[in-house]
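Participant: Sequence plus predicted model, see below.
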Amino acid sequence: MLTSGGDCPGLNAVIRSAVLHGIKSYDMEMVGIRNGWSGLIEKDVEDLPRSRVRGLARTGGTILGTSRTHPYDAEGGGPENMLRNLRELDIDAVIAIGGEGTLAGANRLAADGLPIVGVPKTIDNDLQGTDYTFGFDTAVQIATDAMDRLRTTGESHHRCMVAEVMGRHVGWIALHSGMAAGAHAILIPEVRTPMSQVAEWVQQVHDRGRSPLVVVAEGFIPEGHDDPLAEAGVEASGRPRLGGIGEWVTREIEEMTGIETRSTILGHIQRGGAPTATDRVLSTRFGMGAVDLVAQRRWGQMVAANGTEIISIPMSAALKGLKKVPVSRYDEAKILFGR
Ligand SMILES: Nc1ncnc2c1ncn2[C@@H]1O[C@H](COP(=O)(O)OP(=O)(O)O)[C@@H](O)[C@H]1O
Ligand SMILES: O=P(O)(O)OC[C@H]1O[C@](O)(COP(=O)(O)O)[C@@H](O)[C@@H]1O
Ligand SMILES: [Mg+2]
């Protein structure tokens, strides 16, 4: 098993249930590969006996560590090297737990002959083919709790409060936490809401004696801009480090309305700590499902949530573009914005 890409609550619950199911149901020996694909390249592994996963379902992060090492482009990567390493380590199958980047790599490796199955993870909930990914429910809960707190201090000072949440390409966390917290405006990457409209909503809320709460996803692109704000620059991989849109929106609202406004960036707090019960259940079921896929040697497949069922789909089915917030879901939320 390996975990790759951004961490999220529930990874340890997947690891635990896969180990328990593998040992109890199939008499498998379970092995952890450290730090994503890099562990497979560097043969950095550890045995995972039952004792190693005791009490793990309620913990945050991943005991295996994670990285954004590229399985093909990294030095020593590629299917031939990895197959040789697997043989030398006496590993028969790999369960890759990751988001769209990791699963794209796993899918390609499976096509190149590696015995791999996938488990979808991301707090962003942007993967196709599965109703939900674990980590999302926890992130929404954390963001909602934070917004409940922002609202009481906002009300006391008669201020507008802006909360920036994660969501690189999609606005699921913003939509769900914003709706749960009763936000007066939600700004998501999928919809180019003009700031004049945001200012109007804020003014209307203020005029009826309430303190406006505006939720903005980090990937929101304001009118007149081509890309999301990435004030921290670009990472070595070329991927922009998003963030800063909350501050920008705050300044715009203050300028356009004159209402005192404060911004809070929730950041990695949304990804840390214990998973919610819902995420623990999803993770536990995904981990067991992945071990079943290994037992059936269904390489190139991944587990997915379909209603209340855990199903198996080709990894390629999860990678056909991102799962965006439909316009109908945004329009539905919008009914409650502003006045
Ligand atoms: N198309 C791809 N093929 C192979 N590896 C990829 C591909 N896209 C991304 N990756 C690798 O997977 C890593 C994890 O992807 P990333 O998007 O950061 O996290 P996640 O798996 O959570 O989506 C990336 O840093 C990159 O090295
Ligand atoms: O700070 P990091 O680790 O680069 O990650 C930031 C990104 O990771 C996420 O939390 C999750 O993205 P992935 O699921 O693709 O890893 C995004 O919402 C955010 O933009
Ligand atoms: Mg990703």
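Facilitator: Perfect, I can see it now. Ligands and ions are numbered 1, 2, ... in the order given.
Participant: I'd assumed A180 was in contact with V215.
Facilitator: No - shown here, V215 and A180 do not form a contact pair, counting by CB atoms under 8 Å, at 10.1 Å. In short, each C-beta sits where N, CA and C put it, glycine included.
Participant: Name the residues contacting each of those two.
Facilitator: With contacts defined as CB atoms under 8 Å, 6 or more residues apart in numbering, the residues shared by V215 and A180 are M147.
Participant: Please say which of those two ends up with more neighbours.
Facilitator: Shown here are V215 and A180; by other CB atoms under 10 Å, V215 has more neighbours (32 against 15).
Participant: How about the secondary structure of the more buried one?
Facilitator: What DSSP: H, G, I helix; E, B strand; the rest coil gives for V215 is strand.
Participant: Spit out the contact partners of it.
Facilitator: V215 is in contact with 143, 147, 162-163, 165, 174, 177-178, 181, 183, 185-187, counting by CB under 8 Å, 6+ apart.
Participant: What about those residues, which one has the most neighbours?
Facilitator: V165 (33 neighbours).
Participant: how close does K24 sit to ligand 3?
Facilitator: In this structure, K24 and ligand 3 are 32 Å apart, going by CB to the ion, to the nearest Å.
Participant: Close to ligand 1: what parts of the stretch 51-200 of the chain are there?
Facilitator: Proximity of the stretch 51-200 of the chain to ligand 1 is confined to 68-72, 98-102, 104-105, 108, 122 under the rule CB under 6 Å from any ligand atom.
Participant: Go through these and say which is closest to R297.
Facilitator: For R297, the nearest member of these is R108. The distance, counting by CB to CB, is 18.8 Å.
Participant: so G243 sits right up against A232, yeah?
Facilitator: Yes - applying CB under 8 Å as the test, G243 and A232 come out as touching, 6.0 Å apart.
Participant: if we can go back for a sec, show me the two of the residues of the stretch 51-200 of the chain next to ligand 1 that sit farthest apart.
Facilitator: The distance between the two most remote of those (CB to CB) is 21.0 Å, for Y72 and T122.
Participant: So what pairs up with A217 in the strands?
Facilitator: With DSSP bridges as the criterion, the beta-bridge partners of A217 are V165.
Participant: is the strand or helix carrying I15 anywhere near ligand 2?
Facilitator: With secondary structure defined by DSSP states H and E, I15 is part of helix 11-26. No - figure legend: helix 11-26 not in contact with ligand 2 (CB under 6 Å from any ligand atom); closest approach 11.2 Å.
Participant: C-terminal to that helix, what's the next element?
Facilitator: strand 31-33.
Participant: Report the separation between the closest residue to ligand 2 within the chain and P222.
Facilitator: Of all residues in the chain, G6 sits closest to ligand 2, at 2.7 Å by CB to the nearest ligand atom. Here G6 is placed at a distance of 24 Å from P222 (CB to CB, to the nearest Å).
Participant: ditto for P240
Facilitator: 16 Å.
Participant: Equivalent analysis for H157, please.
Facilitator: H157 sits 26 Å away from P222 when distances are taken as CB to CB.
Participant: Looking at these two now, which is surrounded by more residues?
Facilitator: When H157 is set against P222 and neighbours are counted by other CB under 10 Å, the residue ahead is P222, at 18 against 11.
Participant: Which two of the contacts of V215 have the greatest separation?
Facilitator: Looking at the contacts of V215 by CB to CB, the two members farthest from one another are A143 and A185, with 15.1 Å of separation.
Participant: A146: what's it in contact with?
Facilitator: By CB under 8 Å, 6+ apart, A146 lies in contact with 163, 264, 266, 269.
Participant: rerun that using 7 Å as the cut-off
Facilitator: If a contact means CB atoms under 7 Å, 6 or more residues apart in numbering, then A146 has 163, 266 as its contacts.
Participant: now do D92
Facilitator: The contact partners of D92, by CB under 7 Å, 6+ apart, come to P115.
Participant: For it, what are phi and psi?
Facilitator: Backbone dihedrals for D92, given as degrees, to the nearest 10, come out at phi -90, psi -20.
Participant: for A185, same thing?
Facilitator: When quoted as degrees, to the nearest 10, the phi and psi of A185 stand at phi -160, psi 140.
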